[in-house]
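> the amino acid sequence is not available; the structure is as follows:
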């Protein structure tokens, strides 16, 4: 790897299309779609004329008091917090502590690179945070045009603890970007710089990304105080895929160690995929088919995901037979959708003309009208599309059943009304609540067809008008669409303007 004084990466957010609740169990899978919205992290070495030995200065310029200063002790291998810090940020501190501990053991250049101190800049695309206040200040309506007019990496005008998130996996994307930028800066791993490079990577055997995955999963679990499913970190690294979680026992033992026992050697022995073959997460590439686009909306009413998961788990434990039956049914429909997406993608490759003709014809009509045009399109492709539509309706039906049985608002009535209205728009293949569900977000998968022909997408226009005029809940669109690409090396020069002068 080349020598460098700065290193930048970005990591995408996520939308769990199928697999909510099931993805917690290693027996089941979830389909996670990466987003175009990303977290960016830049690490750079201080100038030679600046003497700030072993300092680590973190800036998140979007937030008030978004600066945290630390000092790395080479002898004790500990990161100490500066007494002048206006606030604490445990997510950032524990991630840097553990990543530097690992880097101090694996990087021959560690002492040289850390000696003059480093700066870290962390920024998230606007979609990770609600932009309602920005639109109000700019006196703009809640639509796609308005949301795109907000400046990139817009200031949130609040403390980081007070920001309203949109559920795209900001903590996982941030921690993954932070870990990868540090491991890359210290020349321990290398990151793909393009989607073409990423496609060539063997997800099972590539050392850099598997090591990054394991370290980021550990840091994210440590920051959250629990071993979660890990699909959000996985999406931040691998992009869009069908995910089967790792066995939580792999890292559970690390939490039982005190500071003296938690050495770099111990961490590496557990997290290095070459030293520990027990890491068993499965990543199978999968994505929304070509000619479709994903749109997301932030709903004003929020939900507490941990409380919802806790209630569902309690019901599952108390009703094992009933839960198993529902889980099996839901899993069956989830898997069908994954397979149908793969089949549609294959049809695009094997019979491109028929595929695009079908999409360009049907995109202007609702699903209920599609059968009227079966003589003008490929019957095979039409059947796959209708099957995907119906299977996702069954997924929603299962989630509503789970809502009723657990008294948990997974697809609450207000969301059902909005989603049903979305499904009445032209070209809408599916609309749902992502992940654990709740009141705070929805996604739509819209048939866009071949956008290069210059035609306006009626589905996107219809969704925009529906959301803008919806009165039962407050709906605000996000800029994000789908992106299949995971972790990416970036050009640091694009972000130098965000570095504070002090």
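Cool, got the structure. Here the structure is a predicted model, which is why all the values come from computation and not from measurement.

> remind me what whichever strand or helix holds residue 404 packs against, helices and strands.
Take DSSP states H and E as the rule and residue 404 turns out to sit in helix 379-406. Under the contact definition 3 or more C-beta pairs under 8 Å, 6 or more residues apart in numbering; DSSP states H and E, helix 379-406 sits against helix 305-318, helix 320-350, helix 352-362, helix 367-370, helix 413-423, strand 428-432. Bear in mind the C-beta positions are built from the backbone N, C-alpha and C, glycine included.

> in JSON lines, list these along with mean pLDDT, distance to residue 205 and mean neighbour count.
Below are those laid out as JSON lines (pLDDT from 0 to 100; distance: least, C-beta to C-beta, whole Å; neighbours: other C-beta atoms under 10 Å):
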{"stretch": "helix 305-318", "mean pLDDT": "90", "distance to residue 205": "33", "mean neighbour count": "15"}
{"stretch": "helix 320-350", "mean pLDDT": "97", "distance to residue 205": "22", "mean neighbour count": "16"}
{"stretch": "helix 352-362", "mean pLDDT": "96", "distance to residue 205": "32", "mean neighbour count": "19"}
{"stretch": "helix 367-370", "mean pLDDT": "96", "distance to residue 205": "41", "mean neighbour count": "16"}
{"stretch": "helix 413-423", "mean pLDDT": "96", "distance to residue 205": "40", "mean neighbour count": "18"}
{"stretch": "strand 428-432", "mean pLDDT": "97", "distance to residue 205": "34", "mean neighbour count": "24"}
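
> out of these, which is closest to residue 154?
Counting by C-beta to C-beta, residue 154 lies closest to helix 305-318 out of these; the figure is 25.0 Å.

> list the contacts of that closest one.
21, 24, 323, 327, 402, 405-410, 435-438 (C-beta atoms under 8 Å, 6 or more residues apart in numbering).

> also stretch 142-156?
Against stretch 142-156 from outside (C-beta under 8 Å, 6+ apart): 40, 61-64, 123-126, 129, 131-132, 134-135, 138, 140, 163, 460, 464, 467-468, 475-479, 498.

> now a ChimeraX select for only the buried ones of those.
What follows is the ChimeraX syntax for the buried subset of the contacts of stretch 142-156, where burial is set by 16 or more other C-beta atoms under 10 Å:
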select :40,61,62,63,123,124,125,126,129,131,134,135,163,460,464,467,475,476,477,478,479,498
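
> before we move on, back to that, what subset of the contacts of helix 305-318 is buried?
21, 24, 323, 327, 402, 406, 408-410, 435-438.

> just curious, which of those is nearest to residue 7?
Nearest to residue 7 among the buried ones among the contacts of helix 305-318, with distances taken as C-beta to C-beta, is residue 435, at 30.9 Å.

> quick one: the strands in the stretch 101-250 of the chain?
Per DSSP state E, counting those that start in this stretch, the stretch 101-250 of the chain has strands spanning 118-124, 241-244. These are given in chain order.

> so can I have a markdown table of those showing mean pLDDT and distance to residue 356?
Formatted as a markdown table, the strands of the stretch 101-250 of the chain follow (pLDDT from 0 to 100; distance: least, C-beta to C-beta, whole Å):
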| stretch | mean pLDDT | distance to residue 356 |
| --- | --- | --- |
| strand 118-124 | 96 | 35 |
| strand 241-244 | 97 | 25 |
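
> can you put those strands in CSV and add distance to residue 353?
Shown next, in CSV, are the strands of the stretch 101-250 of the chain (distance: least, C-beta to C-beta, whole Å):
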stretch, distance to residue 353
strand 118-124, 41
strand 241-244, 29
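
> residue 264 is nearest to which of those strands?
strand 118-124 (18.1 Å).

> strand partners of that closest one, parallel vs antiparallel please.
Paired strands of strand 118-124, with direction, are strand 30-45 (antiparallel), strand 55-59 (parallel) (DSSP bridges).

> ok, now which ones touch residue 46?
So residue 46 contacts 52, 55, 116, 117, 118, 119 (C-beta under 8 Å, 6+ apart).

> not counting residues beside it along the chain, what's closest to the first one?
Of all residues not flanking residue 52 in the chain, residue 117 sits nearest, at 3.8 Å (C-beta to C-beta, 6 or more residues apart in numbering).

> identify the residues contacting stretch 333-349?
Contacts for stretch 333-349 (C-beta under 8 Å, 6+ apart): 17-19, 22, 28-31, 242, 286-291, 354-356, 378, 380-381, 384-385, 387-388, 391-392, 394-395, 398.

> equivalent analysis for stretch 272-281, please.
So stretch 272-281 is in contact with 207, 210-211, 213-214, 230, 234, 243-247, 250, 268-270, going by C-beta under 8 Å, 6+ apart.

> just the buried ones from these?
210-211, 213-214, 230, 234, 243-246, 250, 268, 270.

> list the beta-bridge partners for residue 45.
residue 118.

> I'd say it and residue 6 touch.
Yes. Counting by C-beta atoms under 8 Å, residue 6 is a contact partner of residue 45 at 6.9 Å.

> my guess is residue 235 contacts residue 19. True?
No. Contact between residue 235 and residue 19 fails when scored by C-beta under 8 Å: they sit 11.6 Å apart.

> any residues in contact with both of the two?
32, 243.

> can you pick out the residue with more neighbours from these two?
When residue 235 and residue 19 are compared for neighbours, residue 235 comes out ahead with 31 against 27, by other C-beta atoms under 10 Å.

> residues in contact with the nearest residue to the more buried one once chain neighbours are set aside?
Closest residue to residue 235 apart from its sequence neighbours, by C-beta to C-beta, 6+ apart: residue 14 at 3.8 Å. Shown in contact with residue 14 (C-beta under 8 Å, 6+ apart): 32, 33, 34, 35, 168, 169, 172, 173, 231, 232, 235, 236.

> narrow the residues you listed to just the buried residues.
32, 33, 34, 35, 168, 169, 172, 173, 231, 232, 235, 236.
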